[in-house]
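Peer 1: Got a predicted structure here, sequence first:
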Amino acid sequence: AGVEEWQVKLSNVQSTIGVWEKVSRSWAALESIFLSSADIRASLSDVTKIFEGIDAEFKAMMQESCTEFNVIAACNVDGKEQALTEMKKGLDKCQRALNEYLDVKKAIYPRFYFVSAVALLDMLANGTNPRKIMPYLGDCYDALANLIFIKDEATGEESNKTADIMVAKDRERIPMHEPFTMEGEVELYLNRLTDAMQVTLRHQMLKGIEDGVNWETSEELPRHKWCFKYPAQVVLTGSLIYWTEETEQALEELEGGKEDAVKLTYQNSLTRLGHLIQLVLGELTSGDRCKIITFITMDVHGRDVLKLMVDSKIEGPGAFMWQQQLRFYWEHDVMDVNIRICDFKTKYFYEWTGNVGRLVITALTDRCYITLTMGLRLFLGGAPAGPAGTGK
C-alpha cells in the first residue's frame with residue numbers, strides 16, 4: 001500500500017510539473033503582450049480580460065508555492081493539476097486569438113510574414129510612432145532600411161511622421177517623388193510606403209530614360225557621366241532597355257540588308273565599355289565604384305552577346321539566339337518596363353534593390369534565366385543545385 005501511495009504521489013508530481021511548465025512558458029510569452037501593448041488590449045479586449053484573470057490566478061499560485069519547498073507537497077495539493085490544466089486551456093485560447101489577429105494584419109500587409117512575431121507585435125504597438133518602426137523596415141524590404149524625415153524650415157525640428165528621402169541598407173539614397181506621411185494603422189501606411197517607393201522609382205526611371213536619349217550627342221551628359229546622376233537600379237535597368245532597343249534595331253537593319261549593322265553596335269559597345277573602365281581607374285567613392293563595376297559587368301555581357309551574334313552570322317530579330325536573351329522594353333505612356341525571354345514575359349516590379357553589385361554573367365547564367373522563367377511560365381518553382389561556392 002505504501003509503494004502504491006508513493007507511486008500515485010510521484011505520478012502526480014510528474015504530470016503537475018509537466019502542465020506547470022507549459023503554463024509558465026505560455027504565460028511568460030503572453031504577459032508582456034496582453035499587459036503592455038495598448039493596441040492588443042484595445043483590439044482584443046475580451047481575450048485580454050480572460051488573460052488578466054489567468055494572470056492573477058497564476059501569480060497567486062506562484063506566491064503560494066514560494067512558501068512550500070517540498071515538491072511532493074506542492075504538487076499534491078488538491079485541484080492544483082486541474083487548475084493548471086484550465087489555465088493552459090485559457091492561455092491556448094488567448095494564443096489562438098492573438099494568432100488570428102496577427103494573420104489579419106499579415107493579410108493586409110503580406111510583408112509582415114518576413115518579420116518575427118515579437119518584432120511584429122512591437123511594430124503594431126508603436127504604429128503611431130513611425131520612428132520606432134524604422135528599425136524593422138529592413139526585414140520587410142529588400143533594400144529599404146530607413147527614411148529621413150523632413151525638417152521644418154522655420155523651427156529646424158524634424159517631423160515625426162513625414163519623410164522625403166529613402167535610405168538603402170548599402171546607404172544609397174533616393175529622394176522620394178513627393179513627401180510621404182505615415183498616419184493611421186501601421187499596416188496601411190506601410191502598404192502606401194511600398195506604393196510610394198515604386199512611384200519614386202518609376203519617375204526616376206522615366207527621367208533616366210529621357211536623359212539617356214542623348215548619350216551619343218550630349219557633351220554635358222554622355223553615358224559614362226549619366227550613370228552618376230541616377231540610382232544604381234535605374235542606371236542598370238535603363239542601360240539594359242537601351243541595349244535591347246539598339247540591338248533589336250541593328251538586327252532589323254541587318255534583316256533589311258545592312259550587313260554591318262550588328263558589327264557597328266558591337267564596336268559602339270566596346271567604346272562605351274572603354275569609358276567605364278577609365279572611370280574605375282580614377283578616384284571614386286565606394287558607392288560609385290560598386291555601381292560602375294556592376295555597370296561594367298552588365299556591359300561585358302552585352303558585348304559578349306553582340307560578339308556571338310556577329311560570329312554566328314545571325315539573320316534577324318526572330319532568331320533564337322536573340323529570343324533567348326533577357327530583354328527589357330520601355331513602355332513610355334505608363335512608365336512600365338516589359339521583360340521578355342523566349343515566350344515568357346512579365347512586368348518590372350520596381351522593388352528597390354539598392355546598390356549591391358552582382359556576380360559575373362556567364363553562359364550558364366543565361367541558361368538558368370531561360371530554365372527558371374520557363375518554370376514560372378508553367379506556374380512552377382525552380383532552384384539551382386550543385387556544389388557549394390560555384391555561384392548558384
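Peer 2: Thanks, I have the structure now.
Peer 1: Name the helix or strand for residue 235, please.
Peer 2: helix 232-255 (DSSP states H and E).
Peer 1: and what of residue 162?
Peer 2: strand 158-168.
Peer 1: which of the residues in that strand are buried?
Peer 2: Neighbour-count burial for strand 158-168 flags 162, 163, 164, 165, 166, 167, 168 (criterion: 16 or more other Cβ atoms under 10 Å). Quick note: C-beta positions are derived from backbone N, CA and C, even for glycine.
Peer 1: mind checking the SS state of residue 221?
Peer 2: Three-state assignment for residue 221 (DSSP: H, G, I helix; E, B strand; the rest coil): coil.
Peer 1: can you check residue 154 too?
Peer 2: Per three-state DSSP, residue 154 ends up coil.
Peer 1: Spell out the residue ranges of the strands in the chain.
Peer 2: 144-151, 158-168, 173-181, 327-331, 336-341, 344-347 (DSSP state E).
Peer 1: Now tell me what touches the fourth one from outside.
Peer 2: What that stands for is strand 327-331. With contact meaning Cβ atoms under 8 Å, 6 or more residues apart in numbering, strand 327-331 is reached by 209, 237, 240-241, 243-245, 248, 336-341, 348.
Peer 1: and residue 199, how many neighbours does it have?
Peer 2: 16 (other Cβ atoms under 10 Å).
Peer 1: make that residue 361, sorry
Peer 2: For residue 361, using other Cβ under 10 Å, the count is 18.
Peer 1: Please name the nearest non-neighbouring residue to it.
Peer 2: Excluding the flanking residues, the one nearest residue 361 by Cβ to Cβ, 6 or more residues apart in numbering is residue 301, at 4.1 Å.
Peer 1: how near is the one you found to residue 283?
Peer 2: To residue 283, residue 301 is 27 Å away according to Cβ to Cβ, to the nearest Å.
Peer 1: Let's see the pLDDT reported for the residue nearest to residue 361.
Peer 2: Looking at residue 301, its pLDDT is 97.
Peer 1: now do residue 312
Peer 2: Confidence score, pLDDT, at residue 312: 94.
Peer 1: again, but for residue 113
Peer 2: At residue 113, pLDDT is 96.
Peer 1: again, but for residue 10
Peer 2: For residue 10, the model assigns a pLDDT of 88.
Peer 1: Please name the nearest non-neighbouring residue to it.
Peer 2: residue 72 (7.6 Å).
Peer 1: Verify the contact between that neighbour and residue 8 for me.
Peer 2: No: in this structure, residue 72 is not within contact of residue 8 by Cβ atoms under 8 Å, at 10.8 Å.
Peer 1: Enumerate every residue touching residue 188.
Peer 2: 108, 109.
Peer 1: C-alpha coordinates for stretch 168-184, CSV please?
Peer 2: Only the C-alpha atoms of stretch 168-184 are listed here, as CSV (Å, rounded to 0.1, in the frame of the first residue of the first chain):
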residue,chain,number,x,y,z
ALA,A,168,19.1,51.7,-48.5
LYS,A,169,20.9,49.1,-46.5
ASP,A,170,24.0,49.9,-48.5
ARG,A,171,23.5,53.7,-47.7
GLU,A,172,22.3,54.7,-51.2
ARG,A,173,19.8,57.5,-51.0
ILE,A,174,16.9,58.4,-53.3
PRO,A,175,14.7,61.5,-52.8
MET,A,176,11.0,60.4,-52.8
HIS,A,177,8.8,61.6,-55.6
GLU,A,178,6.7,63.5,-53.0
PRO,A,179,6.9,63.8,-49.2
PHE,A,180,5.4,60.7,-47.6
THR,A,181,3.3,60.9,-44.4
MET,A,182,2.8,58.0,-42.1
GLU,A,183,-0.6,58.2,-40.4
GLY,A,184,-3.2,55.7,-39.3
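Peer 1: For that stretch, what does the pLDDT average out to?
Peer 2: 95.
Peer 1: likewise stretch 342-354?
Peer 2: 96.
Peer 1: Going by neighbour count, which residues in the longest helix along the chain are buried?
Peer 2: For the chain, the longest helix by residue count, based on DSSP state H, is helix 2-36. Of the residues in helix 2-36, 12, 13, 16, 19, 20, 22, 23, 26, 27, 30, 33, 34 count as buried by neighbour count, 16+ other Cβ under 10 Å.
Peer 1: Tell me where the chain is predicted with low confidence.
Peer 2: 1 (pLDDT under 70).
Peer 1: re earlier: what about the strands of the chain, which gets the closest to residue 367?
Peer 2: In terms of Cβ to Cβ, the element of the strands of the chain nearest to residue 367 is strand 336-341, at 11.2 Å.
Peer 1: and the contacts of strand 327-331, which two are the farthest apart?
Peer 2: Top of the distance list for these (Cβ to Cβ): 209 and 341, 20.7 Å.
Peer 1: List of residues touching stretch 75-85?
Peer 2: Contacts of stretch 75-85 (Cβ under 8 Å, 6+ apart): 9, 12, 13, 15, 16, 17, 19, 20, 23, 57, 61, 74.
Peer 1: excluding its backbone neighbours, what's nearest the fifth one?
Peer 2: Just to be clear, that refers to residue 16. For residue 16, the spatially nearest residue (Cβ to Cβ, 6+ apart) is residue 75, at 4.1 Å.
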